[in-house]
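# Okay, predicted coordinates and the sequence, questions at the end:
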Amino acid sequence: MAKILLAGGAGYIGSHTAVELLNAGYEVVAADNYCNSSPEAIRRVEEITGKPVQLYEADIRDSERLSQIFRENKIDAVIHFAGLKAVGESVKKPLMYYRNNIDTTLTLLETMQAADVRNIIFSSSATVYGEENPVPYKETMQRGVCTNPYGWTKAMMEQIFEDAARADPSLSVVLLRYFNPIGAHPSGRIGEDPLGIPNNLMPYVTQVAVGKRECLTIFGSDYPTKDGTCMRDYIHVVDLAKGHVKAVAYILQHSGTEVFNLGTGTPYSVTEIVETFERVNGIKVKHVYGDRRAGDLPEFYANADKAKALLGWQAEYTLDDMCRDAWNWQKQNPDGYRSSD
Ligand code: NAD
Ligand code: UD1
């Protein structure tokens with residue numbers, strides 16, 4: 001069975017993808033510098049699956065170290081999760097974001113070329129559709145104007161991949177545009193473990209529920225949506241991970257560059273998320289309605305037809321499942337991977 005390198009594999013989406021790849025029979029090698037993760041996540045991937053992961057502590061910008069990984073393992077495809085992802089931080093530290101995110105991509109592509117590894121799947125984001133495109137977003141739309149440096153790094157990296165594949169027809173690229181991944185593995189053993197105050201909605205909700213934060217502020221209640229709060233296409237992280245397994249099968253059979261949205265196609269409002277979380281888990285989440293957050297769009301969601309048609313993939317978990325599994329992870333691991341076993 002093919003061997004897959006997960007760059008940034010100890011992170012939230014990488015660890016869930018490792019589980020699904022191992023369950024599908026693939027061999028997994030993971031490389032991470034743990035700047036936003038812990039090797040404990042990979043230990044738990046091995047525990048969940050009963051299968052080993054070859055784990056390297058490595059900075060993906062270190063070409064010597066990457067070359068060593070490619071020498072020691074015959075890699076069939078790479079999935080590139082490694083990057084910084086906090087939107088607000090990217091506004092304050094743009095150079096750090098451009099340096100880390102663009103350099104990881106360039107170094108990966110260069111060392112892959114030298115090692116004759118021809119297949120790469122990239123973690124992109126719905127944020128590349130920008131502010132102007134109408135919803136639902138379709139892969140045929142042009143990339144738009146991003147609202148922050150994080151988003152621009154994703155748009156620039158997509159361009160880099162497209163140019164590299166155009167120049168080298170033996171290189172195959174799949175760009176996956178994630179919508180809003182939430183939830184955790186149903187076992188509650190792996191999940192999202194943000195450092196410090198969460199930027200994203202669901203970890204904030206679960207931290208209020210577990211008593212780590214006082215109160216959720218819902219950013220804006222005067223948007224032109226059905227209840228005045230923003231609407232997003234939330235997707236269970238296990239569904240997202242399974243999308244990567246399908247993308248691996250696809251890239252091993254096809255050449256060229258292909259872009260896929262990974263979303264459910266159904267948007268929910270912030271108020272619906274809070275109400276569903278409270279109902280499914282029988283727990284109150286203290287919240288207040290506050291000002292809008294700069295850069296937030298009223299509503300975006302995927303047209304998910306292309307992934308269904310070409311990858312044979314569609315999301316299966318419901319919003320109830322997402323809320324249940326997010327809470328199951330948080331209550332079992334109140335301090336994330338720092339919680340004692
Ligand atoms: P994460 O922070 O949990 O995972 C990223 C991993 O990359 C971390 O383990 C981090 O330590 C590692 N990393 C970062 N820079 C590195 C470097 N130079 N060398 C080695 N390792 C490095 O984030 P995630 O939520 O799992 O996201 C994975 C990818 O998906 C990211 O590229 C992110 O931008 C993208 N994405 C995430 C979301 C989301 O909502 N979570 C949405 C769209 C796109
Ligand atoms: C954000 C990023 C996006 C990135 C994605 C994953 C912005 C503008 N966009 O998406 O580029 O790919 O995260 O990292 O930051 N909310 C609250 N209260 C909170 C937190 C969030 O009301 O404390 C609301 C937001 O206004 C939004 C929704 O919840 O409407 C989801 O927010 P979030 O989880 O941060 O995701 P996005 O903003 O959609």
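Thanks, I have the structure now. Ligands and ions are numbered 1, 2, ... in the order given.

# Contact residues of the protein facing ligand 1?
8, 10-14, 32-37, 59-61, 81-85, 100, 104, 123, 125, 178, 180-181 (C-beta under 6 Å from any ligand atom). The C-beta positions use only the backbone N, C-alpha and C, and glycine is treated the same way.

# Now, those that are in strands?
Using DSSP state E, 32, 123, 125, 178, 180, 181 are the members of the residues of the chain next to ligand 1 that sit in strands.

# pLDDT-wise, which helix or strand of the protein ranks last?
helix 87-92 (a mean of 95; mean pLDDT, DSSP states H and E).

# Go through that helix and flag the buried ones.
87, 89, 90 (16 or more other C-beta atoms under 10 Å).

# Quick one: list the elements packing against it.
helix 149-167 (3 or more C-beta pairs under 8 Å, 6 or more residues apart in numbering; DSSP states H and E).

# Just give me how far the least confident helix or strand of the chain sits from the chain centre.
18 Å (C-alpha atoms, centre = their mean, to the nearest Å).

# Please list all residues in contact with the closest residue in space to residue 287 that isn't next to it in sequence.
With sequence-adjacent residues excluded and distances taken as C-beta to C-beta, 6 or more residues apart in numbering, residue 287 is closest to residue 216, at 4.1 Å. Residue 216 sits next to 204, 205, 208, 274, 285, 286, 287, 288 when contact means C-beta atoms under 8 Å, 6 or more residues apart in numbering.

# out of the residues you listed, which is most surrounded?
residue 205 (26 neighbours; other C-beta atoms under 10 Å).

# neighbours around the closest residue to residue 23 other than its chain neighbours, how many?
Leaving aside its chain neighbours, residue 23 sits nearest to residue 49 (6.1 Å; criterion: C-beta to C-beta, 6+ apart). Residues within reach of residue 49, counting by other C-beta under 10 Å, total 16.

# next one: the one 5 residues further on
Burial of residue 54, expressed as a neighbour count using other C-beta under 10 Å, amounts to 15.

# distance of it from residue 75?
According to C-beta to C-beta, to the nearest Å, residue 54 and residue 75 sit 10 Å apart.

# Need the overlap of contacts for these two.
residue 29.

# So which bits of stretch 250-268 are buried?
Buried, per 16+ other C-beta under 10 Å, within stretch 250-268: 250-251, 257-268.

# just checking, residue 152 touches residue 144?
No. The pair residue 152 / residue 144 is not scored as a contact, 11.1 Å apart, by C-beta atoms under 8 Å.

# Name the nearest residue to whatever residue of the stretch 1-150 of the chain ends up closest to ligand 1, sequence neighbours excluded.
Closest contact between the stretch 1-150 of the chain and ligand 1, by C-beta to the nearest ligand atom, is at residue 11 (2.1 Å). Leaving aside its chain neighbours, residue 11 sits nearest to residue 37 (4.7 Å; criterion: C-beta to C-beta, 6+ apart).

# contacting residues for the one you found?
Counting by C-beta under 8 Å, 6+ apart, the residues that residue 37 touches are 8, 10, 11, 12, 14, 15, 193.
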